[in-house]
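S.K.: predicted coordinates and the sequence they were generated for:
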Amino acid sequence: MQQTSRAVLMIAAVLAVAPRSSWAQTKDTGRAHHSSAGSGTETANSPLAWDAASNTVTFALSAGVFNFNGYSNGRATLTVPPKSNVVMNFSQDDGTPHSAVIIEDKDPMPTMADQPAIPRAYTNKATEGLPQGATDVIRFTAPDSGSYRIFCGVPGHGLSGMWIHFKVDPSAKEPRWETEKQ
Ligand SMILES: [Cu+2]
């Protein structure tokens, strides 16, 4: 009881003198997880953007530790409308070199980067991999339909799970980014 009273007094003191920032309040009262401050950032940071007027899909493709955007082994799917203009802003955010190449959705996968299944759908240094901090822009026009994989072309990386799904859905009116629990 005594501790509670002291805490209440401390809160009162903090409210009286501290600037009215939620950071200061949650920090000083230790109630961070009851506060709404800081929630909702995950949904706000979608990697996908769609411009219907220009039929353009913009996707932030991040290479992580043998994953793309935190997903491996096909546990995420980017679906785009037919004939859309796809712009993938690739960022290499891992210490190991990585790349991205769009390949056919079939097993067995190649060991390393091969011809892309869609013209121009690959990063620079597809086999060697780009170093950490590098960026590249992949631009291509989606075909009418098809199932593909976004695959790391560095030898062995795709086979170790560094790939996610990429689909062109003839009935899609806008793109979708769907993920599964890892
Ligand atoms: Cu890789």
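M.R.: Yes, it's here.
S.K.: how is the chain divided into domains?
M.R.: What the record gives for the chain is the domain set 2-41, 46-179, from automatic domain parsing.
S.K.: by mean pLDDT, show me the worst of those.
M.R.: Sorting the domains of the chain by mean pLDDT places domain 2-41 lowest, at a mean of 38.
S.K.: in the sheet, who's paired with residue 178?
M.R.: Beta-bridge pairing of residue 178 under DSSP bridges involves residue 77.
S.K.: that one reaches residue 77, doesn't it?
M.R.: Yes: using CB atoms under 8 Å, residue 178 is in contact with residue 77, at 4.8 Å. C-betas here are computed from N, CA, C, even on glycine.
S.K.: which one's more surrounded, those two?
M.R.: Using other CB atoms under 10 Å, the more surrounded residue of residue 178 and residue 77 is residue 77, with 18 against 11.
S.K.: measure the more buried one to residue 56 for me?
M.R.: Applying CB to CB, to the nearest Å, the value for residue 77 to residue 56 is 19 Å.
S.K.: what of residue 160?
M.R.: From residue 160 across to residue 56, the span is 32 Å (CB to CB).
S.K.: of these two, which one has the most company?
M.R.: Neighbours per residue, other CB under 10 Å: of residue 160 and residue 56, the larger number sits with residue 56, 16 against 12.
S.K.: report the beta-bridge partners for the nearest residue to that one once chain neighbours are set aside.
M.R.: Leaving aside its sequence neighbours, residue 56 sits nearest to residue 85 (CB to CB, 6 or more residues apart in numbering; 4.4 Å). Residue 85 has these beta-bridge partners by DSSP bridges: residue 56, residue 141.
S.K.: please renumber so the chain begins at 10
M.R.: Understood, numbering begins at 10; the last thing we discussed is residue 94.
S.K.: and the gap between residue 94 and the ion?
M.R.: Using CB to the ion, to the nearest Å, residue 94 is found at 26 Å from the ion.
S.K.: run a quick neighbour tally on that residue.
M.R.: Residues near residue 94, counting by other CB under 10 Å, number 15.
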